[in-house]
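J.: 3D, please:
(2 chains)
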Amino acid sequence: DTEVTQTPKHLVMGMTNKKSLKCEQHMGHRAMYWYKQKAKKPPELMFVYSYEKLSINESVPSRFSPECPNSSLLNLHLHALQPEDSALYLCASSRRQRVGWDETQYFGPGTRLLVL
Amino acid sequence: DQQVKQNSPSLSVQEGRISILNCDYTNSMFDYFLWYKKYPAEGPTFLISISSIKDKNEDGRFTVFLNKSAKHLSLHIVPSQPGDSAVYFCAASAKGAQKLVFGQGTRLTINP
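T.: Prediction:
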């Protein structure tokens, strides 16, 4: 089983709203990732959690706030977003953070976010 | 600076023929390469990978070739099937690195 689940599938929010994206995996992976993907572009890394600790923040604006409550769950809290933040937000997980054999990143289906 | 490049935004191939997707990279420290396939409204699905100690890796209909001297890799799909129609992303990582670098993607269309 290589399944990463994400909820919700779609989200529409205003610029003053607060919302959260949720990601879950039960593969025993200890690294979890948030990516942002705009249309016709590759995924861009936002955050990496390794053993429930934030290890990489790719200079993401503070209106995006990640949280890793336990080894299976990853949240992305959204507040005061801008219309240009509209994108597909992808969660991924891997056995460990280091890339290589047996460390393949498995992606969830994504949450399509529209900010009005 | 784009370290991983997929110069063909799209490719159209007839069903049953071979599809060849190409990827070039500039960072000589990259030593692990992956191909992901993505359908619309879904996340990328891992397809196949290759380490720099190999020049070929095969998995069923999919074969990845790596030419380190040319800093080039390719994905061969034989025979191509309609279900292969998707966007294909090449990704790379340097030894011990903690993140992947993705190419821009190539949209493959398999025509019946």
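
J.: what about A:Leu81, neighbour count?
T.: A:Leu81: 22 surrounding residues under other CB atoms under 10 Å in any protein chain shown. C-betas here are computed from N, CA, C, even on glycine.

J.: report whether stretch B:58-78 contacts chain A.
T.: No. Between stretch B:58-78 and chain A, judged by CB under 8 Å from any CB of the partner chain, nothing touches; the nearest distance is 12.6 Å.

J.: next, name the residue at the spatial heart of chain A.
T.: In chain A, the residue lying closest to the centroid (CA atoms, centre = their mean) is A:Trp34, at 2.7 Å.

J.: which of the helices or strands spans it?
T.: Applying DSSP states H and E as the criterion places A:Trp34 in strand A:31-37.

J.: who are the packing partners of that strand?
T.: Judged by 3 or more CB pairs under 8 Å, 6 or more residues apart in numbering or on different chains; DSSP states H and E, strand A:31-37 is in contact with strand A:18-25, strand A:44-50, strand A:73-79, strand A:87-94.

J.: now render these as a markdown table, adding mean pLDDT, mean neighbour count and distance to chain B.
T.: A markdown table is the format used below for the helices and strands packed on strand A:31-37 (pLDDT from 0 to 100; neighbours: other CB atoms under 10 Å in any protein chain shown; distance: least, CB to the nearest CB, whole Å):
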| stretch | mean pLDDT | mean neighbour count | distance to chain B |
| --- | --- | --- | --- |
| strand A:18-25 | 97 | 19 | 10 |
| strand A:44-50 | 94 | 20 | 5 |
| strand A:73-79 | 97 | 18 | 14 |
| strand A:87-94 | 95 | 24 | 5 |
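
J.: so which of those strands comes closest to A:Lys38?
T.: A:Lys38 lies closest to strand A:87-94 among the helices and strands packed on strand A:31-37, at 5.0 Å (CB to CB).

J.: sketch out the low-pLDDT regions of chain B for me.
T.: Residue ranges of chain B with pLDDT under 70: B:1.

J.: same question for chain A.
T.: Ranges of chain A meeting pLDDT under 70: A:1-2, A:98-102.
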